[in-house]
Every structure is written in structure tokens, then in C-alpha cells.
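*Asks:* for reference, the sequence and a predicted model appear below.
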Amino acid sequence: MRPTVGRTVTGYLLLVGVTAFILQAGLDFKFSLLQSWQAKTFYSVLTAAIVALLVYQWQLGYLRLRGRVAEASRDYGVHIAIGPAIIFAMWFHCIKFGYALNMALRITMLASLSTGAVLGAHARSPHWDGGRRVLLGIHILLTCLASALASAAVTRDVGMKSATSRVSPISA
């Protein structure tokens, strides 16, 4: 069974997107207009839709778990298409890797997207069935870790914003 041209192209474009993200962050390219938007809280909240995309990715696993093969088959194309959307949402949300939790989240997401891109670009074949299963397991583990880190990052950001809004200036 040969993968469709669309899946192959999407997989390789996603790998190019991951590489471009790493290069621009590593070389510290600056996009002044984008950086000024990213500094605004409203823009940050608006582009945090990446969490919604990440949550939607779990629909495929849910459908497979429930034994809904026909629905899972249809949802697989959406699952693959969301990968490039996530890399662009990450880029629009913040063009830097950040530190600590944010860096761990971004690296985990990029690794998950990369493994998913390879899985999507290459058809199932008896020649690499064992390797594909291992890569699929790694992809699922990375996605679980990215989901946990995204939850922690959102919780931390919400907690930090609510804590700073309660701080009153000291009167002289």
C-alpha cells in the first residue's frame, strides 16, 4: 500500500517546517513586527489556540480506542493536516524556544511532530513494520508528554497572571 502524495508532501513539509523553526530560533532571527505582536497579552492568548489543536489531535486515539474504525480512518487525514497547523501556531505564538518548561514543551512538540511526519510520509510496509511500531510508540509518548507540559505551561501562565493582578503597589 502506497501513501498518497498529499500525505508524503505534508510529512516532508512538516519536517522542513520543524527544521526552519529550529534554525530561526537557534540563529536568533528577529522579526520585529511579529515580536511586537507577541509581546501583547491579547495576541498571546489568541495564538494559544495551539492547545486546542493539541487536544483535537487526541480524537484519533479516542476513536481507535472505542473501535470506531471507519471514523478513525476519516479522522486520520485531519490528524495529519493538523501537524503543519501546530508548527505554524507555535511559530506565531512565540518564535523563541524560551527557557525551562517552555523549552521542554517546544522540543517535545517538535520531536512529536517530526516522528508524526515520518509516519505520515511513509506507507505501512512489512519491511519496516517493527520500526514503524517503535516510532509510533515514541510519537504517542512524546505527544503525551507534550500534552502534560502544555497543561503545566497554561496553568503556570494563568497562575502568574492572576497573581500579578492581585499585587497592589506599595503606597509611600
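*Replies:* Nice, thanks for sending it over.

*Asks:* touching, Thr143 and Ser112? I think so.
*Replies:* Yes - contact status for Thr143 versus Ser112: in contact at 4.8 Å, counting by Cβ atoms under 8 Å. Quick note: C-beta positions are derived from backbone N, CA and C, even for glycine.

*Asks:* with neighbour numbers in mind, choose between those two.
*Replies:* Under the criterion of other Cβ atoms under 10 Å, the comparison of Thr143 against Ser112 puts Ser112 first, with 24 against 21.

*Asks:* correct me if wrong: His138 contacts Ser114.
*Replies:* I think there's a mix-up here, since residue 138 is Ile and not His. No - Ile138 is not in contact with Ser114 according to Cβ under 8 Å; the separation is 10.0 Å.

*Asks:* more crowded one of those two?
*Replies:* Remark: of Ile138 and Ser114, Ser114 carries more neighbours, 20 against 14, as counted by other Cβ under 10 Å.

*Asks:* for that one, which non-adjacent residue is closest in space?
*Replies:* Val18 (5.3 Å; Cβ to Cβ, 6 or more residues apart in numbering).

*Asks:* that neighbour touches Ala117, doesn't it?
*Replies:* Yes - the pair Val18 and Ala117 passes the contact test of Cβ under 8 Å, sitting 7.3 Å apart.

*Asks:* okay, these two: which has more neighbours?
*Replies:* For Val18 and Ala117, the more surrounded residue by other Cβ under 10 Å is Ala117, and the numbers stand at 25 against 20.

*Asks:* mean confidence for stretch 10-19?
*Replies:* Averaged over stretch 10-19, pLDDT sits at 80.

*Asks:* elements contacting the host helix or strand of Leu15?
*Replies:* Here Leu15 sits within helix 5-26, counting by DSSP states H and E. Contact analysis of helix 5-26 by 3 or more Cβ pairs under 8 Å, 6 or more residues apart in numbering; DSSP states H and E lists helix 69-93, helix 100-121 as its packing neighbours.

*Asks:* buried stuff in the first one?
*Replies:* The one in question is helix 69-93. Residues of helix 69-93 classed as buried by neighbour count (16 or more other Cβ atoms under 10 Å): 72, 75, 79-80, 82-84, 86-87, 89-93.

*Asks:* apart from its neighbours in sequence, what residue is nearest Gln59?
*Replies:* Nearest residue to Gln59, sequence neighbours excluded (Cβ to Cβ, 6+ apart): Asp75, at 5.8 Å.

*Asks:* hang on, the one you found packs against Leu63?
*Replies:* Yes - between Asp75 and Leu63 there is a contact under Cβ under 8 Å: 5.7 Å.

*Asks:* ok, the closest residue to Leu13 other than its chain neighbours - contacts?
*Replies:* Spatial nearest neighbour of Leu13, chain neighbours left out: Pro84 (6.3 Å); criterion: Cβ to Cβ, 6+ apart. Remark: with contacts taken as Cβ atoms under 8 Å, 6 or more residues apart in numbering, Pro84 is in contact with Thr10, Leu13, Leu14, Gly17.
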